[in-house]
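Student: task: produce atomic coordinates for the following.
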Amino acid sequence: MPKLTIDGVEVEVEPGITVLQACETAGVEIPRFCYHERLSIAGNCRMCLVEMEKSPKPVASCAMPVADGMVILTHSEMAVKARRGVMEFLLINHPLDCPICDQGGECDLQDQALFYGFDRTRFEEPKRSVEEKDFGPLIQTFMTRCIHCTRCVRFATEIAGVEELGLTGRGEDVEIDTYVEKALGSELSGNMIDLCPVGALTSKPYAFTARSWELGKTESVDALDAVGSAIRVDSRDGEVMRILPRLNEAVNEEWISDKTRFAYDGLRRQRLDRPYVRRDGKLEEASWDEAFAAIAGQLEDAPGQRIAAIAGDLADCESMLALKDLMAALGSANTDCRQDGARIEAGRRAGYIFNTTIAGIEQADACLLIGTNARFEAPLINARLRKRYLAGGFSVGFVGPEVDLTYRAERLGAGPKTLGEIAEGEHPFARVLDHASHPMLIIGQGALARPDGAQVLATARAIAEETGMIADGWNGFNVLHLAAARVGGLDIGFVPGEGGLDVAAILEAASSGGLDAVYLLGADEIDMAGLADTFVIYQGHNGDAGAEAADVILPGAAYTEKDATYVNTEGRVQYTRLAVFPPGEAREDWKIVRALSGVLGQTLAYDDIGALRARMAEVNRIFAAPDEAQPAEWGAFGTPGEMDPAPFAYPVENFYMTDPITRASVTMAKCTELARSVNKDKTGTDG
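Tutor: Numbers count the residues shown, from 1 in each chain. Now for the predicted structure:
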């Protein structure tokens, strides 16, 4: 390994890294604007100049590979003077609008101008002005601030896979633009705001609402999809002001999707902040005692087999276990967390989690996608697949409708017929999987939420076993979930007990008068028409479909308003943290169920969250090991049999509206409107 001297200290570093990386390894900070660890090297800003022995001029450390015997000086007179000169050039045209800039307090240019800049300028010429760009409803541009570091361009091209941004013009006329004027079409575009070092790109929904030093900061995880991205919730005066990514190399690296970042305004709209009881066909405000009394009056003489419960996609594990225990105490086995009717079994964990793990994607060399559009179902997983594709030696094939995944993928067929051919080794892609050392497959809910989903699951398992996906130290079988609550619900066993009804059977029984009451724990994605003649209890935080159908509404807490447990699609147990308190009379969900159990005479055995989590660990040991993606034991799952020849269909039609929070978000509504207009321009229809 090469040895070099940095500021008089000899260090040994990995071959192939740059001088800047070597300095970081040695604990020496090098200023930079264009360099970023996850992007290609551009060498645009020249802020990272250092003095190198025997070099007549300073060198850009971000673009200079290390060599044995190098002598680097980072704080010499030459280096300091060079950085001051660079900073002086960068500030020639930069407007003096720090007091009104949304980047204030978090601006790399501010910080580095303080530590590495000069206290005056020699330029008196008029500053240039650049026309603002319309990048859509999410990103606000102030292009006069831009220093052309091209971080946004490289992110769009390399990470997001949407080649929409670039440099136009030369010299003083250089601008970053979309070539043809249009809004950005990436589901990861908000990450450009974090990458921008100077405030040229800021958050449009957050603009002029708060300063960074005014905000309380709470580390949490996202619950708007099943990835479980690490996030930071910034709040002020009991209101969520913004959501930012938090570093987690195992899950989301340092990126989050636009839905995760911008849907927070849905947390304060259409909120359920007090109980309601339906009287004479109309929902009226009520006290907690009145709401509980109405429920108790309905359930008092109801036999257990005539009561059912359905858990929604945003339900946390604590509330699901509490509700499951309550249903069991009432004598009901009619519980289900699979709103979409996915044919997934709760017993065999390897059959419903992402066994490879999200980070493990980078070890794979072939991938089969079955009934999933990963780009809109899990943008961070799709970004990880793209990252692996760009590294080379990665073949991707998909079965389902034509789709742009942002990387080269071969469409193998439309549905089960193609899947059967791969399982039998008759399809050419079966040989690709056979010859791969670490093959993997990802099966989505578009393939599982069908009447023949159990047969499709069994066929996918056969492919995994026949093509070498299951080996020592490697499991290439993966299920991609859409709902943050799904894996946790399966782990807890929130599925029909012996003789119990699943979601479809519950709705059928309710419509035919076979049920006296249905408890909806944030369940909004089912057909509410089937519940018209049944007493409906809805517990949730937004006034969505379930609340409209309810006879009693119990206001719960959103994921930013409670300490709760979620399990992501790879089976990793994660915790959300209370950032703000629930509005009005709303309460944490498990506490509501616990209080109701006392009114019903079936008091649950836990009084605090510690005791409840101990009960969760008793039900399933995975809850005793948070933040670990534990390997699952392989075994038989699915039901072998004939599959319906109907082609697969992707379950997510609108990425921006998939749950009660995003449907209440004005920002997501603007994104939806923009996406529809773009689609209409492409196809001539509104579809």
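
Student: output the contacting helices and strands for the one helix or strand A328 maps to.
Tutor: Secondary structure assignment for A328, by DSSP states H and E: helix 317-329. Counting contacts by 3 or more Cβ pairs under 8 Å, 6 or more residues apart in numbering; DSSP states H and E, helix 317-329 is packed against strand 307-311, strand 335-336, helix 486-492, strand 517-521, strand 564-567, helix 589-599, helix 609-619. C-beta coordinates here come from the backbone N, C-alpha and C atoms, glycine included.

Student: who does the first one pair up with?
Tutor: Looking back up the chat, that one is strand 307-311. strand 335-336 (parallel), strand 517-521 (parallel) (DSSP bridges).

Student: let me see the mean pLDDT of that strand.
Tutor: For strand 307-311, mean pLDDT is 97.

Student: name the residues that touch it?
Tutor: 299, 319-320, 323-324, 327, 330-332, 334-337, 339, 485, 489, 494, 501, 503, 506, 509-510, 515-523, 526 (Cβ atoms under 8 Å, 6 or more residues apart in numbering).

Student: lowest-scoring secondary structure element of the chain by mean pLDDT?
Tutor: Least confident element among the helices and strands of the chain, by mean pLDDT, DSSP states H and E: helix 666-683 (a mean of 84).

Student: ok, now which ones touch M47?
Tutor: Counting by Cβ under 8 Å, 6+ apart, the residues that M47 touches are P31, R32, F33, C34, R83, V86, M87, L90, Q112, Y116.

Student: sec struct for it, please.
Tutor: On the three-state scheme (DSSP: H, G, I helix; E, B strand; the rest coil), M47 is labelled coil.

Student: low-confidence ranges, the stretch 551-687 of the chain, go.
Tutor: For the stretch 551-687 of the chain, the stretches flagged by pLDDT under 70 are 680-687.

Student: in a markdown table, list the helices and strands packed on helix 317-329 along with mean neighbour count and distance to F477.
Tutor: A markdown table is the format used below for those (neighbours: other Cβ atoms under 10 Å; distance: least, Cβ to Cβ, whole Å):
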| stretch | mean neighbour count | distance to F477 |
| --- | --- | --- |
| strand 307-311 | 28 | 25 |
| strand 335-336 | 26 | 24 |
| helix 486-492 | 28 | 15 |
| strand 517-521 | 27 | 29 |
| strand 564-567 | 27 | 18 |
| helix 589-599 | 21 | 32 |
| helix 609-619 | 16 | 24 |
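
Student: kindly reformat those as JSON lines containing distance to M440.
Tutor: JSON lines is the format used below for the helices and strands packed on helix 317-329 (distance: least, Cβ to Cβ, whole Å):
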{"stretch": "strand 307-311", "distance to M440": "29"}
{"stretch": "strand 335-336", "distance to M440": "29"}
{"stretch": "helix 486-492", "distance to M440": "18"}
{"stretch": "strand 517-521", "distance to M440": "33"}
{"stretch": "strand 564-567", "distance to M440": "21"}
{"stretch": "helix 589-599", "distance to M440": "35"}
{"stretch": "helix 609-619", "distance to M440": "30"}
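
Student: nearest to S287, out of these?
Tutor: helix 589-599 (12.6 Å; Cβ to Cβ).

Student: other SSEs contacting the closest one?
Tutor: Using 3+ Cβ pairs under 8 Å, 6+ apart, helix 589-599 sits against helix 288-299, helix 317-329, strand 535-540.

Student: and with 10 Å instead?
Tutor: helix 288-299, helix 317-329, strand 517-521, strand 535-540, strand 552-555, strand 564-567, helix 609-619 (3 or more Cβ pairs under 10 Å, 6 or more residues apart in numbering; DSSP states H and E).

Student: next SSE after the fourth one?
Tutor: It stands for strand 535-540. helix 545-549.

Student: pull the CA atoms of that following helix into PDB?
Tutor: Output in PDB follows, covering the C-alpha atoms of helix 545-549 (Å, rounded to 0.1, in the frame of the first residue of the first chain):
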ATOM      1  CA  ALA A 545     -62.100   6.100   3.600                       C
ATOM      2  CA  GLY A 546     -62.200   4.200   6.800                       C
ATOM      3  CA  ALA A 547     -63.400   7.300   8.800                       C
ATOM      4  CA  GLU A 548     -66.200   8.000   6.300                       C
ATOM      5  CA  ALA A 549     -67.500   4.400   6.800                       C
END
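
Student: what packs against that helix?
Tutor: Counting by 3+ Cβ pairs under 10 Å, 6+ apart, helix 545-549 packs on strand 517-521, strand 535-540, strand 552-555, helix 660-664.

Student: in that helix, what's buried?
Tutor: A545, G546, A547, A549 (16 or more other Cβ atoms under 10 Å).

Student: same check on stretch 353-366?
Tutor: For stretch 353-366, by 16+ other Cβ under 10 Å, it's I353, F354, N355, T356, T357, I358, G360, I361, A364, D365, A366.

Student: my read: the third one touches G473, true?
Tutor: No: between N355 and G473 there is no contact under Cβ atoms under 10 Å: 11.7 Å.

Student: mutual contacts of these two, please.
Tutor: P631 (Cβ atoms under 10 Å, 6 or more residues apart in numbering).

Student: what number of residues lie near V130?
Tutor: 18 (other Cβ atoms under 10 Å).

Student: check the gap between it and C101 for me.
Tutor: 15 Å (Cβ to Cβ, to the nearest Å).

Student: cool, P555 as well?
Tutor: From P555 to C101 the distance is 39 Å (Cβ to Cβ).

Student: who's more crowded, those two?
Tutor: P555 (27 against 20).

Student: ok, now which ones touch that one?
Tutor: Contacts of P555 (Cβ under 10 Å, 6+ apart): 271-276, 288, 291, 538-543, 547, 582-587, 589, 592.

Student: and I442, that's in a strand?
Tutor: Yes: the assignment for I442 by three-state DSSP puts it in a strand.

Student: not counting residues beside it along the chain, what's closest to it?
Tutor: N478 (4.7 Å; Cβ to Cβ, 6 or more residues apart in numbering).

Student: so which strand or helix has G635?
Tutor: G635 belongs to no helix or strand, assigned by DSSP H and E.

Student: can I get the helix or strand harbouring A447 in PDB? Just the C-alpha atoms.
Tutor: Using DSSP H and E, A447 sits within helix 445-448. Output in PDB follows, covering the C-alpha atoms of helix 445-448 (Å, rounded to 0.1, in the frame of the first residue of the first chain):
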ATOM      1  CA  GLN A 445     -47.300  -7.400  -4.400                       C
ATOM      2  CA  GLY A 446     -48.500  -7.200  -8.100                       C
ATOM      3  CA  ALA A 447     -47.700 -10.900  -8.300                       C
ATOM      4  CA  LEU A 448     -48.900 -11.900  -4.800                       C
END
